[in-house]
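1. I'll drop the sequence and a predicted model, then ask my questions.
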Amino acid sequence: MSKPYTIQRLLNAPRPLVWEVYTQPQHLPNWFGPKGSTMPHSTLDFRVGGTFHYAMKTAEGMELWAKWLFKEIAAPEKIVLLQHFSDPQGGVTRNPWAPLWPLHTLSTTTFKAQGEQTLLSLEWAPHDATAEEAAVFAAAHASMNQGWSGTLDGLESYLSLLVNQS
């Protein structure tokens, strides 16, 4: 089994606000995705067994679809989900850049209050993957760090706007 990918960020916002921004559909298009990307489509059914199905448009104009299946929700502390690439209808598809990417990945995000700040921790790992798929995932940790760092930068900027408005 490969080592999971992990990333943490201490956010300058209280946990209730971070939880809201991470779990409410009106907030997600404002920050979610790597730098330069947009979210032209998203539907969110935030409950255990529910899904988040979305399209992300890259800075180069490529549209990518993905889908999350919520496995565990412990508000405002933890979200566990299965994630996969998708088509516009919500079907499971392969990664368009890496055909040997795991078909499913398991992601656990935790939110820990630290005074008026929140420590967000993400752990991401292959799920029901072959050894070859796990190796492809493990080899991509550096690029995942770039993508997730950009996403968390967007989250941090958006939270900053909301905190300064209140």
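-> Right, received. Where do you want to start?
2. every contact and neighbour count from this point should use C-alpha atoms.
-> Fine.
3. if you count neighbours, what's buried in the lengthiest helix in the chain?
-> Longest helix in the chain, counting residues (DSSP state H): helix 141-165. By 16 or more other Cα atoms under 10 Å, the buried positions in helix 141-165 come out as 141, 144, 148-159.
4. kindly report the same for stretch 38-57.
-> Counting neighbours by 16+ other Cα under 10 Å, one finds that the buried residues in stretch 38-57 are 38-39, 42, 44-45, 51-57.
5. quickly list what the nearest residue to residue 144 once chain neighbours are set aside is bridged to.
-> Counting by Cα to Cα, 6 or more residues apart in numbering, residue 144 lies nearest to residue 5, which is 7.9 Å off, once chain neighbours are set aside. Beta-bridge pairing of residue 5 under DSSP bridges involves residue 124.
6. quick one on the thing from earlier: in strands only, show me the buried residues of stretch 38-57.
-> Mapping the buried residues of stretch 38-57 onto strands (DSSP state E) picks out 38-39, 42, 44, 51-57.
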